[in-house]
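> coordinates only, no sequence provided:
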């Protein structure tokens, strides 16, 4: 049950970042203050049914389990979600906005999904269009656009170009100029790491991993080798180091992490961050690793909180008219 006191904001919004493998749900109060947070294991992969009706029922049940008591205590609370829940395999397809696009997402951009307890509003994803002749592929994101909006809201206003890097399973490098997301690129680095370590020869070569920053740094150094041997060769080099007694099998996971991140930074830094201020947003340990990868190239980066998605959803809800603008600021007593 939600308890309200004079010193605690009443709940204003239910916000969810609902991705492929996980879900984060926040109960937000005035100014986007986090009153409660939950991390149930309800990703898209566990929601896909054999037909649209069974999938809908699965999503309704997952949403109710995560947020049902919040809604029971405050039935009129608006609810908003971003991420793969709005994909073609999600609860309802929410479409995409095409870059360059303004960071203000309006009511007409949201997709409303009715459910037994009310309505959930889905945030659209973003896309970069492929070249018409097929020579250059486009790109897509879902959920990260809301993290970007939230991250920018946590920074002092700036009119200069900015690159926001969101490390993860599918890392994003997004260029922001004049309050617009101009373009972005995706690197499957996290997924590649998982596949290599779980299903390949390197996973069999490694033993139970222990944190080894020195091994990670050795892996990062492969990103500055001239000429580059390429990612496939550098990855197999990890096995050779172990066989030659030059790398502890328990340190192999960190070495491989460094090799993969080094390759990503080496290729995307010149295209998406040359001369720009760089902001890292996401999991603290991943941001630490990417910051180290950028330092190898003499580039410093700022880091913002992993909870940026909650602030982004709050901002979208304000812009789309789901919330009273008066709720957008923290009362003076709380701000002090």
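Great, that's in hand. Worth saying up front: this structure is predicted, and the values here are computed from it rather than measured. Numbers count the residues shown, from 1 in each chain.

> how about the helices in this protein?
Assigned by DSSP state H, the helices in the chain fall at 52-73, 144-153, 189-199, 201-205, 213-221, 231-243, 252-272, 284-295, 308-319, 332-335.

> tell me which of the ones you listed sits nearest to residue 171.
Evaluated over those, closeness to residue 171 peaks at helix 189-199, with 5.2 Å, by CB to CB. Every residue, glycine included, has its C-beta placed from N, CA and C.

> what angle separates the closest one from helix 252-272?
160 degrees (axes from the mean of the first three to the mean of the last three CA atoms, to 10 degrees).

> in a markdown table: the helices of the chain, plus mean pLDDT and distance to residue 110.
Compiled in a markdown table, the helices of the chain are given as follows (pLDDT from 0 to 100; distance: least, CB to CB, whole Å):
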| stretch | mean pLDDT | distance to residue 110 |
| --- | --- | --- |
| helix 52-73 | 90 | 16 |
| helix 144-153 | 92 | 12 |
| helix 189-199 | 95 | 28 |
| helix 201-205 | 94 | 42 |
| helix 213-221 | 96 | 41 |
| helix 231-243 | 96 | 39 |
| helix 252-272 | 95 | 28 |
| helix 284-295 | 96 | 29 |
| helix 308-319 | 95 | 8 |
| helix 332-335 | 35 | 28 |
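
> how many neighbours does residue 97 have?
Residue 97 has 17 neighbours, counted by other CB atoms under 10 Å.

> residue numbering should commence at 24 henceforth.
Will do, 24 is the new start, and the previous item becomes residue 120.

> any idea how far residue 95 is from it?
From residue 120 across to residue 95, the span is 34 Å (CB to CB, to the nearest Å).

> check residue 215 too.
43 Å.

> what do you get for residue 159?
The gap separating residue 159 from residue 95 is 50 Å, by CB to CB.

> before we move on, what about residue 138?
To residue 95, residue 138 is 14 Å away according to CB to CB.

> tell me which residues touch residue 128, please.
When contacts are counted by CB atoms under 8 Å, 6 or more residues apart in numbering, residue 128 touches 120, 146, 147, 172, 339, 342, 343.
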